[in-house]
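> Give me a 3D structure for the following:
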Amino acid sequence: MMGSLLERLKPFIKENLEKEKDKYPSSYNRIVTDLSNNIVVSDLTFGTLTTLSNYTNGKYQMSILDLYNMFE
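Okay, here's the model as predicted:
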């Protein structure tokens, strides 16, 4: 069975998210909850995906392919 999106999130994005969790606890909690509860990228809200893209160091922007490529 496929793991949750949190388990499949690219490691550098997960690290960046963890570094900022004390600074942005609400965003962190929402993103982690959404990623933990979903296995399909298309089930995430646009808000979660756009916020998550802020943790990619500019590597992934907002193209559909980029949103899927944030995960392994």
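> Taking the centroid of the chain, which residue is nearest it?
Residue closest to the mean C-alpha point of the chain, counted by CA atoms, centre = their mean, is residue 52 at 4.3 Å.
> Could you pull up the residues touching it?
By CB atoms under 8 Å, 6 or more residues apart in numbering, the residues touching residue 52 are 13, 17, 31, 35, 70. (Each C-beta comes from the backbone N, C-alpha and C, glycine too.)
> now the second one, nearest residue through space, not along the chain?
Of all residues not flanking residue 17 in the chain, residue 55 sits nearest, at 5.0 Å (CB to CB, 6 or more residues apart in numbering).
> where does the closest residue to residue 37 other than its chain neighbours sit relative to residue 40, distance-wise?
Using CB to CB, 6+ apart and skipping residues adjacent in sequence, the residue nearest residue 37 is residue 4, 7.3 Å away. Relative to residue 40, residue 4 is positioned 10 Å away (CB to CB, to the nearest Å).
> same question, residue 71
Distance from residue 71 to residue 40, by CB to CB: 10 Å.
> Then residue 48?
13 Å.
> from the chain's centre, how far out does the helix ranked longest in the chain sit?
Counting by DSSP state H, the longest helix found in the chain is helix 25-36. Its chain's C-alpha centre and that of helix 25-36 lie 9 Å apart, by CA atoms, centre = their mean, to the nearest Å.
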